[in-house]
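Trainee: generate coordinates for the sequence data below:
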Amino acid sequence: MTTETVCTPRDHALAAIQALPVEATGLVAYHAGVRVLVIGAADWIDAAGRLPEPLQGIPVTLDMNDSKGPRVDGRPLQLQGYLGKFQLQLGRDDEAPSLAADMVLDLSREPLLGMAMKPPGYLAPAADGASLTTALEELAGLTGSFDKPQYFRYDPDRCAHARNGVTACTRCIDACPAEAIQGLGESIQVDPFLCQGGGACATVCPSGAIGYAYPTLGDLIARIRRLLMAFSAAGGSDPVLLLHAGEGPSGELLARHPQLLPVALEELASAGPEVWLSALAYGARRVILQQASPLSPVLEQTLQGPLQMLEEIMQGLGYPGGAVAMGSVETLLGQEGCAMPVLPPARHAAMDDKRTALFLALDHLQQQAERCRPMVNLSAGAPFGTAFVEAGSCTLCMACASVCPGQALQDGQGQPLLRFIEANCIQCGLCTRTCPENAIWITPRLLLDPEVRKRPRILHQDEPFCCITCGKPFASRSVIDNMLAKLTGHSMFQTERSRQRLKMCDDCRVVDVVQDQEMMQGETFTRQ
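Mentor: Now for the predicted structure:
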C-alpha cells in the first residue's frame with residue numbers, strides 16, 4: 001500500500017517560483033592569512049596564547065583606565081579594515097605606527113568598532129569563557145579565500161546626494177548598519193568589503209539610485225507575483241505573504257496557516273514599500289515582516305519610517321490599517337479587520353525601477369478603492385511631495401531646476417516660468433538648499449490620482465523681458481530689475497550705455513561692447 005503526497009496550493013506556489021531565474025551579481029573576494037590582532041585588558045590578553053593553530057596572535061594591551069577611551073601608551077587607537085586587511089593605527093597622526101592583521105579579536109570592555117554590522121573577520125565576544133571559546137573556534141575557520149555576493153548596485157546619475165557643492169540627501173549613509181557608505185563629491189561610495197547586505201540603503205533611497213542586487217528589485221517582485229498567481233491558480237485563497245530573514249517559519253506554523261506564503265530575504269530591510277504595495281496589488285491580503293533574531297536599532301528605525309508612510313497611504317486609499325505589519329506571525333494573524341478586501345490582481349509585469357514599481361501598484365489599488373482621498377499628507381522624510389515658490393522672491397534663475405535629480409523642477413523652455421511634476425519629486429531638498437533667494441520650499445504628501453500626479457503645473461512665471469536692441473525675449477523682467485538694482489553704483493556700470501547694455505541679449509551685448517571699444521579707440525586716435 002502506497003501513500004500519495006498531497007500537494008497543497010502553497011506547495012504548488014513555492015514550486016512555481018523555483019524555476020524563475022535570478023539575475024547574477026558580482027562577487028567580492030576576501031583573502032585572509034593567520035595573523036590575529038588580540039585587543040584587550042591585561043587580564044584578557046592571554047587569549048592571544050590560546051589561539052588554535054596555525055593562527056598567530058598579535059597582542060595589544062589597552063590602557064583601560066584612561067578617561068579618554070581605549071589607548072595604548074597614551075595614544076588613541078584607530079581600527080579599520082575587514083577580513084584579510086585590518087589595520088590598527090596607534091595615534092591619529094598619519095605617520096603613527098600601525099599594526100596589520102587578517103582578523104581581530106576585540107576583548108575590550110567597549111568594542112572599538114561600534115557599527116551594528118561589524119566587518120567580516122572582526123569578533124568582539126562578551127567577556128566570559130563560553131563566548132571567548134566560541135569566538136576562538138570561529139576564527140579558526142576564517143583563514144583562506146572566501147567569496148560573497150556584491151549586494152548593492154548604484155546609479156550615480158540618479159543620486160541626490162549633492163549637486164554643485166551642495167549636500168542634500170544622506171539617507172543611505174545614515175541608515176547603513178555597516179557604515180560602508182560615504183559621500184564622495186556629488187555621489188556616494190560604497191565599500192563592497194564592508195557591505196554586509198543589510199539593505200537599508202535601498203529602502204531609504206528616495207530615487208532608487210542605490211538598490212539591492214541579489215536579488216534585484218525586479219527579480220524579487222517577479223517571484224512574489226508568480227507565487228501569488230500560482231497559489232490562486234491551485235485553489236488557494238486569502239494569501240498572506242510572509243517576508244522573513246533568518247530562520248523560516250516552522251512546519252507546525254505553516255500547517256496551522258495554509259494561507260501563509262513564506263519568502264526568504266537576506267535581510268528584512270532589503271524590501272521596502274514598493275515590494276509591499278506590489279504584493280498587495282498582486283492579490284496578497286496581508287504582508288507580514290518577521291525577523292528571526294532581534295533587529296539592530298538602526299535597521300528597526302529604518303523600517304519604521306516606511307511602515308508609517310504605508311499606513312498613511314493605505315488610510316488615504318480607504319483600505320484597512322495593518323495590512324502590512326512587522327512582528328509575530330501568530331499575533332498579527334490573530335488581529336481582525338486588517339486584511340485587504342478581495343481585489344482583482346494587478347496585471348502589470350514586475351518592474352525593476354523602485355518608483356515605477358511603487359506607482360504601478362499604487363495606481364492599481366487606487367482604481368479599486370471605493371473611498372479614496374485625492375491627497376495624503378505624509379510624515380517628514382517621505383520621498384514624495386510637492387514644492388512651493390514665493391513669487392515675490394523668485395527671479396526664475398533656474399538654479400533649482402538645474403540641480404533637481406528627478407527633473408521634477410523644469411525650466412520654461414525659453415519662457416520665463418518654472419514647471420513642476422509632482423510624480424518626479426523625491427523631497428531631497430537640493431532645490432531649497434540651492435535657491436539663492438530662499439524662495440522655494442517643499443513638503444511631503446502624495447497625490448493619489450495618477451493623472452494629477454503626472455501633470456506638469458506652473459509654480460511661478462514672470463513677464464518676459466525683451467532685448468532693447470533686437471526685441472528678442474531673453475530673460476524675465478524680475479531678473480533684469482534685480483540685476484539693475486544690485487549693480488547700481490558698480491564702477492563698471494557708471495555710464496548710461498553700460499547700464500543699457502544689461503538690457504540686451506547676449507548677441508547684441510557683444511556687438512555693443514565691440515562698437516563701444518572701437519569708438520573709444522577712435523576718439524583716442526583723434527586727440528593724438
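Trainee: which pLDDT value belongs to the residue nearest to residue 415 when sequence neighbours are not counted?
Mentor: In space, residue 415 comes closest to residue 464 once its chain neighbours are excluded; the distance is 6.9 Å by C-beta to C-beta, 6 or more residues apart in numbering. Bear in mind the C-beta positions are built from the backbone N, C-alpha and C, glycine included. On the pLDDT scale, residue 464 is placed at 81.
Trainee: same question, residue 523
Mentor: On the pLDDT scale, residue 523 is placed at 54.
Trainee: likewise residue 284?
Mentor: 98.
Trainee: pretty sure it sits in a helix.
Mentor: No. Per DSSP: H, G, I helix; E, B strand; the rest coil, residue 284 lies outside any helix segment and is coil.
Trainee: how near is the residue lying closest to it once chain neighbours are set aside to residue 250?
Mentor: When the adjacent residues along the chain are set aside, residue 284 lies closest to residue 241, with 4.4 Å between them (C-beta to C-beta, 6+ apart). Residue 241 sits 18 Å away from residue 250, going by C-beta to C-beta, to the nearest Å.
Trainee: excluding its backbone neighbours, what's nearest the residue sitting nearest the centre point of the chain?
Mentor: The centre of the chain sits closest to residue 205, judged by C-alpha atoms, centre = their mean, with a distance of 2.1 Å. Of all residues not flanking residue 205 in the chain, residue 172 sits nearest, at 5.6 Å (C-beta to C-beta, 6+ apart).
Trainee: and residue 34, how many neighbours?
Mentor: For residue 34, the count of nearby residues is 18 (other C-beta atoms under 10 Å).
Trainee: okay, it: pLDDT?
Mentor: Listed pLDDT for residue 34 reads 95.
Trainee: verify the contact between it and residue 143 for me.
Mentor: Yes. Residue 34 lies in contact with residue 143 (C-beta atoms under 8 Å); the separation is 5.7 Å.
Trainee: now do the SS call for residue 410.
Mentor: Judged by three-state DSSP, the three-state class of residue 410 is strand.
Trainee: quick check: closest non-adjacent residue to it.
Mentor: Nearest to residue 410 is residue 419, by C-beta to C-beta, 6+ apart, at 4.4 Å.
Trainee: pretty sure that neighbour is in a strand, no?
Mentor: Yes. Under three-state DSSP, residue 419 falls within a strand.
Trainee: give the contact list for it.
Mentor: The contact partners of residue 419, by C-beta atoms under 8 Å, 6 or more residues apart in numbering, come to 409, 410, 411, 412, 456, 457, 458, 459.
Trainee: on that earlier part again, of residue 241 and residue 250, which one has the most company?
Mentor: Between residue 241 and residue 250, counted using other C-beta under 10 Å, the more crowded position is residue 241 (27 against 10).
Trainee: kindly state the beta-bridge partners for that one.
Mentor: In this entry, residue 241 is beta-bridged to residue 261, residue 287, by DSSP bridges.
Trainee: surely it and residue 289 touch.
Mentor: No. When contacts are counted by C-beta under 8 Å, residue 241 is not listed as touching residue 289 (9.5 Å).
Trainee: domain assignment for the protein?
Mentor: The chain breaks down by automatic domain parsing into domains covering 30-147, 150-212, 217-373, 385-461, 478-527.
Trainee: right, so these: which one is the most enclosed?
Mentor: Mean neighbour count (mean count of other C-beta atoms under 10 Å) peaks for domain 150-212 among the domains of the chain, with a mean of 20.
Trainee: could you tell me the end-to-end distance of that domain?
Mentor: End-to-end distance of domain 150-212: 9 Å, with C-alpha to C-alpha, to the nearest Å as the criterion.
Trainee: just how off-centre is that domain within its chain?
Mentor: For domain 150-212, the separation from the chain centroid amounts to 6 Å (computed by C-alpha atoms, centre = their mean, to the nearest Å).
Trainee: give me the mean pLDDT for it.
Mentor: Domain 150-212 shows a mean pLDDT of 95.
Trainee: again with stretch 428-439
Mentor: For stretch 428-439, the mean pLDDT works out to 95.
Trainee: and what of stretch 327-338?
Mentor: Per-residue pLDDT over stretch 327-338 has a mean of 91.
Trainee: and the residue nearest to residue 284, what's its pLDDT?
Mentor: On the pLDDT scale, residue 241 gets 98.
Trainee: and residue 491, backbone torsions?
Mentor: Per-residue torsions, residue 491: phi -60, psi -30 (degrees, to the nearest 10).
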